[in-house]
Each structure stands twice: as C-alpha cells, then as structure tokens.
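Student: got a predicted structure plus its sequence, pasted below:
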Amino acid sequence: MLFTATIFSNAEISPGYRRIRLSAPPAFTAAQPGQFVMARVGSDPLLRRPFAVFDMGVSDTPDEAAGGSRAWFEMLYKVVGKGTALLAKQREGAEIGILGPLGTGFQCRGDEKEEHLLVGGGIGLAPLYLLAADLVKKQRAPVRLFAGGRTHADLLCLEDFQRLGVDCHTATEDGSHGERGFVTLALTRYLDALPGKAALYACGPEGMLGAVARIAAERELPCQVSLEAHMACGVGACLACVVPGRRHSPQTPDYRCVCAEGPVFPAGELQWPS
C-alpha cells in the first residue's frame, strides 16, 4: 500500500543510529516479520530508500481525526548518506511517503524441540525484533539472539529483545561488549555445546550471512537469511537488487530478486562467496 505517514518520534538511540515511529493504516499491522517499506522524504533524493519494519502496533491514544485508534510502525536506520541524513532531520509531525509492507518475510518453524537462534549484525538487528516477538508468542522452545558489531554502539535495542524474554548473547570486534570477535564465533561455540536441534535466522552484512549459512550447512540446520540490498523500486520492476542463486553460473544464470522474492530466503537457495 502507498500512504503518507506522520512522524510520531525520531530519536537517536546510539551514535549514528536512530529509531523512528510513524503512523500507518490499520491494515499495516498485518505485516510479517522480515518485510520492509520503501520511504521517501521530499523529492531529492528521487528514489525511495528501503527500511525493515522493526516494530508495529496500535496506540492506546485514540486518533479522533481517523475515528479510532491509530496504528504505528517503527524503523531503525543508520545515517550513512543523503537520504538517511535528510530523514534524521525530520521532526515530530512531519510527513514522509511510504510504500509497503513489501517482500517475503521469515517463516516461523513449528518444531517445538528446536531452539530458535537469531543472528544480527548492526542494523541487521532491525528485522529480527518482530520475528523474536512472534517466536516467543508461538513457540515453547527457547529464543536466543546473537548480536554483533564493531563496537558497543552497534548493538541496538537489546533491552527490547530482553523484555520479550529473549536470551541475548553479544560479541564486538573491539571487545567493548560481550565476547571479543565476530558474532559467528560466539554462535559456533554455542552450537558446539548444544545437545539438541536449532533453527537459524540471520540478517546483517554479506560476510556474516555467508558465515552463518556455512555454519548451518555444516550442521544440517535450517537457516533463513534476510538480505540487505540497494533497491530502486522495491517491487521487482527494475531488477537492481538481484543476487546469484545456488545454481548460478555464466552458462546457466540463476538470479533472485531481493525485493520481490526476498528479502528473506532459505540460505541454501543462494550462492555465497567462497
């Protein structure tokens, strides 16, 4: 759906990172964990920017103009370029254009004997919160988050995950929070000591996702990954966000469109750098 959203809040939560809450039509609350929106602030830059849906709900405060309660959703974003810098300047009451929710989200597995391990790097934590909330609500097995970043500042909204009852493990490259090193090392150590089964869900930089995919494949564990990609349209028309599928080669091209077929894929369907 295409709509104009009003900003309720737009606050810095960590150096360079912000959390924005926006109004939404009531139907938006049917969005699935892992889906995203395309947002536009003004006419320059021309192209919309993709953002994962971090959280959503319905406010307790009635919206008299709309004749009922007001729906809302939240996005996390990192200020890295012209579009996000402009978004960071927007204040409460300003309006931005939204297209969404879009894409294919995470599929929650129903095996109650599996632990659910969520792996996020930096802003890749954004699509994992709704997934964590859904898993905690539907599953009896433990839900654990493995959050990684270069420094403590890259570990976002851990308190929100903890309030859900999610067990949080952290790793930073500089050792400023949790274990020192890559989050995939912490994940590997945990899996090596885990007597039962697990399902993996991940979002973050390509290198991290490739490592998680290999870890899952070596252990024959189910794994879903949410890709971060530059997008122009968000609906599969421009094909600017295609990635190679598992069977891709120069002789037999196999491409997957991140915005239309993803952004969430079974890790085994994609081709990862060796």
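Tutor: In hand now; what should we look at? Numbers count the residues shown, from 1 in each chain.

Student: any low-confidence regions in the chain?
Tutor: The model of the chain has pLDDT under 70 over residues 44-46, 61-69, 110-111.

Student: okay, which residue is most central for it?
Tutor: Pro127 (2.2 Å; CA atoms, centre = their mean).

Student: buried ones in whichever strand in the chain runs longest?
Tutor: Of all the segments of type strand in the chain, defined by DSSP state E, the longest one is strand 2-14. Going by neighbour count (16 or more other CB atoms under 10 Å), the buried part of strand 2-14 is 5, 7, 10, 14. Placement of C-beta: from N, CA and C, glycine included.

Student: stretch 71-83 now?
Tutor: Of the residues in stretch 71-83, 71-79, 83 count as buried by neighbour count, 16+ other CB under 10 Å.

Student: which ones are touching Leu2?
Tutor: Shown here is Leu2, whose contacts under the criterion CB atoms under 8 Å, 6 or more residues apart in numbering are 97-99.

Student: quick check, nearest of these to Val243?
Tutor: Within those, the smallest distance to Val243 is 21.4 Å, found for Leu99 (CB to CB).

Student: so the closest one is in which element?
Tutor: Using DSSP states H and E, Leu99 maps to strand 95-102.

Student: could you do Leu131 as well?
Tutor: According to DSSP H and E, Leu131 maps onto helix 128-138.

Student: right, and the helix or strand after that helix?
Tutor: Per DSSP H and E, the first helix or strand lying C-terminal to helix 128-138 is strand 143-149.

Student: what's that next one in contact with?
Tutor: Strand 143-149 is contacted from outside by 115-122, 125, 128, 132, 135-136, 154-156, 158, 161, 164-173, 178, 182-184, 186-187, 190, 204, 208, using CB under 8 Å, 6+ apart.

Student: return the set of buried residues in stretch 96-113.
Tutor: Using 16+ other CB under 10 Å as the burial criterion, the residues of stretch 96-113 that qualify are 96-109.

Student: make a markdown table out of the residues you listed and add distance to Ala216.
Tutor: Converted to a markdown table, these look like this (distance: CB to CB, whole Å):
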| residue | distance to Ala216 |
| --- | --- |
| Ile96 | 37 |
| Gly97 | 38 |
| Ile98 | 33 |
| Leu99 | 32 |
| Gly100 | 29 |
| Pro101 | 26 |
| Leu102 | 26 |
| Gly103 | 21 |
| Thr104 | 19 |
| Gly105 | 19 |
| Phe106 | 14 |
| Gln107 | 15 |
| Cys108 | 17 |
| Arg109 | 13 |
